[in-house]
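coords please:
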Amino acid sequence: MEIEKGRIHYRRANINDIEVLIDYRVRCLNELHNHPEDDETKILRKTLREYFCEAIPANDFVAWLAEFKGRIAATSGMVLWKIPPRYGGVESGKFGYILNFYTIPEVRRKGVGTRLLKELIKEARSSGLRYLHLHAYEYGIDLYRKAGFAEPLQVGLELRLE
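Predicted coordinates for the structure are as follows:
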């Protein structure tokens, strides 16, 4: 697909975009983890549908899409959540987590992801967020660093509960 920058339409996703958000999240995860479409994928699609049906209307998840000639070329997303307020610019307790970035291969490295990230940052600011988080894979880290993301001052830890 040959992209003409001036003909790409960017818009905020809505409840009618759930299927494309599911599809592009699965594509992204399958690419990252070399995962085949299988029964586990069917379960993931079902739980993603449940999540998006709840989170989008509640504004707990915001997504932006890039369209070209009626086809979705890229997606992005941000989860918004709130913790008890604290010092250091988090008096509101609001945070955002960037994820769900996926650009179809033929449109990559053409500035589409950069524009989607800018739209999410605008959304974050207008929602009163002071901090955004994300986990970057090697192929996307330059995009995020150019936008001002840096390694956190505190190390994050995880505990997997099984």
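
need the contact list for residue 7.
Residues near residue 7 by CB atoms under 8 Å, 6 or more residues apart in numbering: 68, 69. In this view, the C-beta of every residue, glycine as well, is placed from N, C-alpha and C.

10 Å instead?
Counting by CB atoms under 10 Å, 6 or more residues apart in numbering, residue 7 makes contact with 67, 68, 69.

Among those, which one sits closest to residue 79?
Nearest to residue 79 out of these is residue 67 (CB to CB; 22.6 Å).

hang on, the closest one packs against residue 9?
Yes: assessed by CB atoms under 10 Å, residue 67 is found in contact with residue 9 at 4.5 Å.

So what are the sheet partners of the top strand by length along the chain and their directions?
Taking DSSP state E as the criterion, the chain has its longest strand at strand 71-82. Its sheet considered, strand 71-82 pairs with strand 61-68 (antiparallel), strand 94-103 (antiparallel) by DSSP bridges.

Is it possible to get those strands out as CSV so that each row also shows mean pLDDT, distance to residue 75 and mean neighbour count?
Listed next are those as CSV, based on pLDDT from 0 to 100; distance: least, CB to CB, whole Å; neighbours: other CB atoms under 10 Å:
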stretch, mean pLDDT, distance to residue 75, mean neighbour count
strand 61-68, 96, 6, 22
strand 94-103, 92, 5, 21
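
And those strands: which comes nearest residue 19?
strand 61-68 (12.1 Å).

how about the closest one as CSV, C-alpha atoms only?
C-alpha atoms of strand 61-68 as CSV (Å, rounded to 0.1, in the frame of the first residue of the first chain):
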residue,chain,number,x,y,z
PHE,A,61,-9.4,3.0,27.5
VAL,A,62,-8.8,5.5,24.7
ALA,A,63,-7.6,4.6,21.3
TRP,A,64,-6.7,6.5,18.1
LEU,A,65,-6.8,5.0,14.6
ALA,A,66,-5.1,5.9,11.3
GLU,A,67,-7.2,5.2,8.2
PHE,A,68,-6.1,5.3,4.7
